[in-house]
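**Q** Here's my sequence, what's the structure:
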Amino acid sequence: MSLNKLVNMQESLSHATTLEELQRAAETIRDDYNVDHVVYHWVNSVGERFGCGTYTSEWVDRYLEKDYLYIDPVILGCFHRFDPVNWKQLDWSSKGAREMLRDACDYGVGPQGFTIPVRGPKGQYALFTLADSRSDDEWETFIEEKKKDMILVSHTFNQKALELEERVFQLEAAQLSKRERSTLTLLAKGKNRAQAAQELEISENTLRVYVESARHKLGALNTTHAVARALAAGQIVV
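**A** I've put the predicted structure just below:
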């Protein structure tokens, strides 16, 4: 990444005032680095989680459904680290880890990754990750060339997330559109995506767009999390 792009990215992050703008920043970083995915995930001192990035909701749902959180070598390997890690350096030898990696690749994630642990005040802990499908040699070269940039960007991203913490968890800035509210309301009532799309007289692809948009606005990790946050904020009523 050129110096100008790096400066522009930091400038863009510094002006982010909503979760949507933080999400757009993640997408910009993905495009500027020319990688498949950029993801930011944090846990604060009271255990509240927040995530934004370019993984699909289908992969996040699958990840949580399979309880990969408890066997994920990235989570386990980075928890006690302060230095960035190439996923290839982690222990993927267990049956569960290998299954997770195969699953991730089926959902368009990996097999390459580079994760930077970031720690903030009062127990705040975050991971900033880039994932891609390059070859081993290509990925090693990429990391060597971009590592310093990525570390700088990860800490800038985390600082902005800390500034937005009150809005993130009180959800005052996450105003959903009428269609987004309707979509989450039907899902909260137990409708599956096909049933919700039929009731709204839209395609499932269009419904997916509304779900993704609402998820990003709410800083939710998956669809269920988005519904829970929308309910908690009083933006939908069941």
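
**Q** ok, then the element right after the helix or strand where residue 26 lies?
**A** For residue 26, the element it lies in under DSSP states H and E is helix 19-33. Next in sequence after helix 19-33, counting helices and strands by DSSP H and E, comes strand 37-43.

**Q** tell me the angle that next one makes with helix 19-33.
**A** Interaxial angle, strand 37-43 versus helix 19-33 (axes from the mean of the first three to the mean of the last three C-alpha atoms, to 10 degrees): 140 degrees.

**Q** Run the chain-centre distance for strand 37-43.
**A** Between the centre of strand 37-43 and the centre of its host chain there is 4 Å, according to C-alpha atoms, centre = their mean, to the nearest Å.

**Q** So which elements touch that strand?
**A** With contacts defined as 3 or more C-beta pairs under 8 Å, 6 or more residues apart in numbering; DSSP states H and E, the secondary structure elements packing on strand 37-43 are helix 19-33, strand 49-53, strand 125-132, helix 136-163. For glycine as for every other residue, the C-beta is placed from the backbone atoms N, C-alpha and C.

**Q** Show me the one of the ones you listed that comes nearest residue 187.
**A** Between residue 187 and the helices and strands packed on strand 37-43, the shortest gap by C-beta to C-beta is with strand 49-53, which sits at 18.5 Å.

**Q** Need the winner for burial among the helices and strands packed on strand 37-43.
**A** For these, ranked by mean neighbour count under the definition mean count of other C-beta atoms under 10 Å, the leader is strand 125-132 at a mean of 23.

**Q** Right, I'll leave it there.
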